[in-house]
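1. Fold the following.
(chains A, B, C and D)
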Number of protein chains: 2
Amino acid sequence: MASTKDKILNAAERLFAEHGFAETSLRMITTKADVNLASVNYHFGSKKTLIQAVFERFMDRFSAGLSDELDKLDASDSSLEVIDVLSTLTRPIILLDELRPDGAGVFMNLLGRAYAETQGHIRRFAMERYSDISKRFSMLLQATSPTMQPSEMFWRLHFMLGSFIFTLAGHKALQEISESDFDQKLTIEQIIQRLVPFMSAAFSFDSNLPNNHFTDSSPNRLSSLAGE
Amino acid sequence: MASTKDKILNAAERLFAEHGFAETSLRMITTKADVNLASVNYHFGSKKTLIQAVFERFMDRFSAGLSDELDKLDASDSSLEVIDVLSTLTRPIILLDELRPDGAGVFMNLLGRAYAETQGHIRRFAMERYSDISKRFSMLLQATSPTMQPSEMFWRLHFMLGSFIFTLAGHKALQEISESDFDQKLTIEQIIQRLVPFMSAAFSFDSNLPNNHFTDSSPNRLSSLAGE
DNA sequence: CGAAAATTCAAACAAGTGTTTGAAACATAC
DNA sequence: GTATGTTTCAAACACTTGTTTGAATTTTCG
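-> This is a model prediction of the structure:
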């Protein structure tokens, strides 16, 4: 029998992912968890800190998994390629999905909502708590492309982050469309296995290459707003 | 002097983008707009339809701008490259930014929040109302890569969508980090001009190529969860 | 002008919110 | 077994929410 605390966390994480933080009331949570209303404030203090606790439980799992993968990468002596670094994300995500039904989707949904919080008490909390692992990941990525400017790498990293969070948070809807339109329903792992090579190709693009095809800014290409 | 209706829309769109739909009360909106509380229900019927109206105003602008760009593309007789199609997104987004302060950021923020809505009354509304323009865009993209499977293209398109929405919705926070860490604050346009070539390179990656570097699945690469 | 329609307004409504309270029930340890 | 600390519970609290009402005001137009 799960403890009251865990029952609350289990119910809360599903409801938060499904309806959002503000749209989920403590009464919805305690009803689903089959515990007394007051127990939330007793065990967690407030709704705000409950949200943090839900987030923390996922994030700890994920960052531990990612840390393991990065360890493996450090241990291997083969030269690092972009895809090797990006691939370290796969397993930690899949592990969440095995932890509980649609764990990865729930986690990414929470991540996306946390990021949307402009005032962002979660954001600040995550920043300081998981800065180590994120720095480590970004260092390794930088090592694959020594000539790339760190600022360019910074932006690319967030471009990628957007793809991951957005796609996996909404994977259920996307899976449905994919199934009805193409008769193929990808699993989370299959989605990631498409996403990783796709993003690796993007990262491998060298914007410093002169006369590069992708940075050709002849009138018909790119924005050229000025020319109108 | 703006009409009451417009004053409400103007106040609402900023507050929605800043705090989210649920976290923004009608009283916050009417206070900021300096109109009577009841006028929201009088002019828009309900909060739900107000949200739709705010969204619609942006989306109409954007899709009209995108439509123009796609027209230009149809008119040009040069062979289409991926970057030509992706570049059509730039101008419509920048135009929103010129329409009102941080228009692009506000719009992307709304888009992101609308997508997060799992139950999604906005999502359904957008699906049927803007299916034409989205189909047109995706057709043109498909034309640049005739050999690519439509299902693969579908997923890539949503990977890209995630990058755009996520990055531009949170661009303010990212700009701040970029400024403090690299002493360079990019404009929205500059962000897009990094994003478009980056994504174009990703789209140009051919996953059907045999023995491709990026799909090499030797033990150290990709997930290989089975092997544990 | 003056009747009709459209709009604004202050006030109230019912419903739902997070949180607090103090007694009851339970568990733990001496 | 009794005392101590922990946890649960029903009830109430103070407050905010979106929406409605009906009268007052403004605008429209013949």
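
2. how's chain A carved up into domains?
-> A:1-45, A:51-205 (automatic domain parsing).

3. Tell me which of these lies nearest to chain B.
-> Closest to chain B of those is domain A:51-205 (C-beta to the nearest C-beta; 2.7 Å). All C-beta spots, glycine's among them, are computed from the backbone N, C-alpha and C.

4. what distance separates the start and the end of that closest one?
-> 39 Å (C-alpha to C-alpha, to the nearest Å).

5. one step back: can I get the domains of chain A in JSON lines including mean pLDDT, mean neighbour count and distance to residue B:170?
-> Output for the domains of chain A, formatted as JSON lines (pLDDT from 0 to 100; neighbours: other C-beta atoms under 10 Å in any protein chain shown; distance: least, C-beta to C-beta, whole Å):
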{"stretch": "domain A:1-45", "mean pLDDT": "93", "mean neighbour count": "17", "distance to residue B:170": "17"}
{"stretch": "domain A:51-205", "mean pLDDT": "89", "mean neighbour count": "18", "distance to residue B:170": "6"}
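
6. out of the ones you listed, nearest to DNA strand D?
-> Ranking those by proximity to DNA strand D (C-beta to the nearest atom of the strand) places domain A:1-45 first, at 3.4 Å.

7. check whether stretch A:31-45 contacts chain B.
-> No - using C-beta under 8 Å from any C-beta of the partner chain, stretch A:31-45 stays clear of chain B, coming no nearer than 15.9 Å.

8. Make JSON lines from the domains of chain A and add distance to DNA strand D to it.
-> Formatted as JSON lines, those follow (distance: least, C-beta to the nearest atom of the strand, whole Å):
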{"stretch": "domain A:1-45", "distance to DNA strand D": "3"}
{"stretch": "domain A:51-205", "distance to DNA strand D": "14"}
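
9. closest to residue B:17 out of those domains?
-> domain A:51-205 (7.9 Å; C-beta to C-beta).

10. near DNA strand C at all, the closest one?
-> No - using C-beta under 7 Å from any atom of the strand, domain A:51-205 stays clear of DNA strand C, coming no nearer than 10.0 Å.

11. Show me what secondary structure element comes after the helix ranked longest in chain A.
-> In chain A, taking DSSP state H as the definition, the longest helix is helix A:47-75. Counting by DSSP states H and E, the next helix or strand C-terminal to helix A:47-75 is helix A:82-87.

12. Now do that next one: which elements does it pack against?
-> helix A:131-144, helix A:188-204 (3 or more C-beta pairs under 8 Å, 6 or more residues apart in numbering or on different chains; DSSP states H and E).

13. which element follows that helix toward the C-terminus?
-> helix A:90-99.

14. And the contacts of the very next helix or strand once past that following helix?
-> Per DSSP H and E, the first helix or strand lying C-terminal to helix A:90-99 is helix A:103-116. For helix A:103-116, contacts defined as C-beta atoms under 8 Å, 6 or more residues apart in numbering or on different chains pick out A:13-14, A:16-17, A:20-21, A:54-55, A:58, A:62, A:93-94, A:96-97, A:100, A:120, A:122-123, A:126, A:164-166, A:168-169, A:171-172, A:188, B:20, B:109, B:112-113, B:116, B:118, B:166, B:169-170.

15. Then stretch A:196-212?
-> A:81-83, A:86-87, A:89-90, A:141, A:144-145, A:147-148, A:152, A:156, A:159-160, A:163, A:214-215, B:156, B:159, B:194, B:197-202, B:204-205, B:207, B:212, B:214-215, B:222.
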